[in-house]
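Novice: got a sequence here, can you build the structure:
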Amino acid sequence: MSFNKRRELVSLLMRVMVGFILIYSGYTKISEPFENFYLAILSYKVVGERIAYITAKTLPWIEVYLGVFLVFGLFLKEVAMACFSLFAVFELLLLQAIIRKLEIASCGCFGSSHSNPIGVEFALNVIWLFFLYMSFKFSKKFSLDFLLENKFGGNEKNQ
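Specialist: So this is what the prediction gives:
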């Protein structure tokens, strides 16, 4: 197997892994009491109660949908960019909490059922950002986008 083929397969695995992380993260927040995630957002001391409320209500669903689209490779470019932006914002929030030495009991990443120290979550997010870059760059051949482009795009060229 060629290097390029292996890189494409590894990138696919990276994309699927990040997708399932997003799905799991969103699902755990959706299945727990709303207040757990709401209070975790407020603990970062960056936004007020109204924005924290809206974020706690919508972000878990956004994570689930982005994760599903990422796993299947649908709208891959846009979804990968949205996921990259989301993880970059998470990194900034974690970094400011580390710099400000905030006492964060639960980062809120996976609801209250699982919480790593914020330094560990910061390091993991760097890995997820790298995975997203690799999956965006090299896993397109294993996506619904690629399949649809070849199926429907090829028909237009033949007509």
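Novice: doesn't Q96 make contact with I104?
Specialist: No: between I104 and Q96 there is no contact under C-beta atoms under 8 Å: 10.8 Å. Where you see a C-beta, it was placed from the backbone N, CA and C, and this is true even at glycine.
Novice: those two - which one has more neighbours?
Specialist: For I104 versus Q96, neighbours defined as other C-beta atoms under 10 Å are more numerous around I104 (20 against 13).
Novice: residues contacting that one?
Specialist: Applying C-beta atoms under 8 Å, 6 or more residues apart in numbering to I104 gives the contacts 40, 43-44, 97, 118.
Novice: torsion angles phi and psi at it?
Specialist: Main-chain torsions, I104, degrees, to the nearest 10: phi -100, psi 110.
Novice: gap between F142 and E149?
Specialist: 13 Å (C-beta to C-beta, to the nearest Å).
Novice: more neighbours: which of these two?
Specialist: F142 (20 against 12).
Novice: ok, now how distant is the more buried one from M14?
Specialist: From F142 to M14 the distance is 11 Å (C-beta to C-beta).
Novice: now swap in K77 and tell me
Specialist: From K77 to M14 the distance is 16 Å (C-beta to C-beta).
Novice: the helix or strand hosting K137: which residues count as buried?
Specialist: K137 belongs to helix 118-138 when assigned by DSSP states H and E. Across helix 118-138, burial judged by 16 or more other C-beta atoms under 10 Å covers 118, 121-122, 124-125, 128-129, 131-132, 134-136, 138.
Novice: roughly how far is that helix from the heart of the chain?
Specialist: The chain centre lies 9 Å from the centre of helix 118-138; the measure is C-alpha atoms, centre = their mean, to the nearest Å.
Novice: please apply the same query to stretch 132-141.
Specialist: 14 Å.
Novice: what about it, average pLDDT?
Specialist: The average pLDDT for stretch 132-141 rounds to 90.
Novice: so who does the nearest residue to Y38 once chain neighbours are set aside touch?
Specialist: Spatially, and ignoring its direct neighbours in sequence, Y38 is nearest to A56 (4.1 Å; C-beta to C-beta, 6 or more residues apart in numbering). A56 makes contacts with 29, 34, 37-38, 41, as judged by C-beta under 8 Å, 6+ apart.
Novice: could you rerun that using 6 Å?
Specialist: Applying C-beta atoms under 6 Å, 6 or more residues apart in numbering to A56 gives the contacts 37-38, 41.
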